[in-house]
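> Sequence and computational prediction follow.
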Amino acid sequence: MSPSIASATDRASITWRSVARMTLMVLALLFLIVPHLCYRAVGRPSPMVMAFLNAVGWIAGLRVRTTGTRLRRNVLFAANHLSWLDILALGGAARSAFVSKAEVEDVPLVGWLADQNHTIYVQREARRDIHAQTDSLRGALARGRPVTLFPEGTTGPGDGLLPFRGSLFQAVVPPPPNLRIQPVFLDYGDEATAIAWQDPESGLDNFKRLIARKRSIPLTIHYLDPLPAEVTHDRKAISEAARAAIARRMAEVGRPSAAALHRL
């Protein structure tokens with residue numbers, strides 16, 4: 001049994017460290033919510049969302065570094081997915097909105113927070129709604145803001161990639177004007193299997209387990225080369241090319257990469 005699966009079978013407990021971190025997270029929310037609502041009231045983009053994600057990530061123990069060149073506008077990031085920490089990291093570092101399963105919208109507080117970051121919700125099994133979902137994603141991309149898609153469709157085990165779902169790229173076929181697709185490798189190094197959220201562990205237990213950790217969680221965000229234009233007109237080709245790019249970088253690293261060159 002792997003360490004991640006073994007840890008998943010034990011219910012996480014609340015510790016003094018957990019309480020301290022949750023308290024700091026609540027304080028960060030209370031401190032930033034008033035200026036955030038003021039920005040929203042006058043119709044301006046709120047930098048408080050990015051500040052909140054960065055703050056909560058740091059409180060949770062994330063220590064983020066980056067490599068490569070991040071595209072800043074008109075980009076769809078395609079990233080591997082291990083944990084809720086991925087949202088904090090890419091939302092804070094890349095100013096990205098996310099494509100998420102529709103169930104998230106109904107989770108108390110979490111759904112409201114996701115709304116503040118302009119999350120695009122999809123019913124992955126509802127084929128009759130595919131056109132509306134495609135329009136929502138294309139509309140978000142047309143506004144220029146980065147959007148992140150997790151093509152595995154769920155969290156992976158941390159020791160490799162799950163298959164990518166080509167259907168999730170349907171919204172960008174054909175690609176909107178000026179849009180580029182950039183693969184991103186979220187690299188937790190030796191900690192990857194330890195932080196991965198896998199069955200039978202619940203989301204709440206994963207949250208409690210990670211914020212109870214004594215050690216920090218090093219993460220290197222590898223921004224890889226954007227996909228060439230010739231593969232962006234077919235969803236299967238996009239899926240295969242994005243997965244291959246991330247797999248290549250995983251093989252190249254082959255070791256913890258928390259000592260990457262560039263801090264945020």
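That came through fine.

> and residue 46, what pLDDT?
Reading off the confidence values, residue 46 has pLDDT 87.

> What is the burial count for it?
By other Cβ atoms under 10 Å, the residues close to residue 46 number 17. From N, CA and C alone the C-beta is placed, and that goes for glycine too.

> So which residues of this structure form helices?
Applying DSSP state H to the chain gives helices spanning 3-8, 16-41, 48-60, 85-93, 110-116, 130-142, 192-195, 203-211, 235-253.

> If you compare the directions of the fourth one and helix 48-60, what angle comes out?
Looking back up the chat, that one is helix 85-93. Between helix 85-93 and helix 48-60, the angle comes out at 130 degrees (axes from the mean of the first three to the mean of the last three Cα atoms, to 10 degrees).

> Tell me the helices and strands packed up against helix 85-93.
The elements that helix 85-93 packs onto, with contact taken as 3 or more Cβ pairs under 8 Å, 6 or more residues apart in numbering; DSSP states H and E, are helix 48-60, strand 62-68, strand 75-79, strand 97-101, strand 180-187, strand 217-223.

> closest to residue 28 out of these?
For those, proximity to residue 28 was assessed by Cβ to Cβ; helix 48-60 is nearest, at 4.4 Å.

> and that closest one, how far from the chain's centre?
On the basis of Cα atoms, centre = their mean, to the nearest Å, helix 48-60 is displaced by 13 Å from the centre of the chain it belongs to.

> do stretch 65-77 as well
Between the centre of stretch 65-77 and the centre of its chain there are 13 Å (Cα atoms, centre = their mean).

> Check stretch 179-187 too.
On Cα atoms, centre = their mean, the centre of stretch 179-187 falls 11 Å from the chain's centre.

> Just the CA atoms of that stretch, as CSV, please.
Listed next in CSV are the C-alpha coordinates belonging to stretch 179-187 (Å, rounded to 0.1, in the frame of the first residue of the first chain):
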residue,chain,number,x,y,z
LEU,A,179,-5.8,31.8,-27.9
ARG,A,180,-2.8,29.6,-27.0
ILE,A,181,-2.8,26.4,-25.0
GLN,A,182,0.0,26.1,-22.5
PRO,A,183,0.7,22.8,-20.7
VAL,A,184,1.6,23.2,-17.0
PHE,A,185,3.3,20.6,-14.8
LEU,A,186,2.6,21.0,-11.1
ASP,A,187,5.6,19.3,-9.5
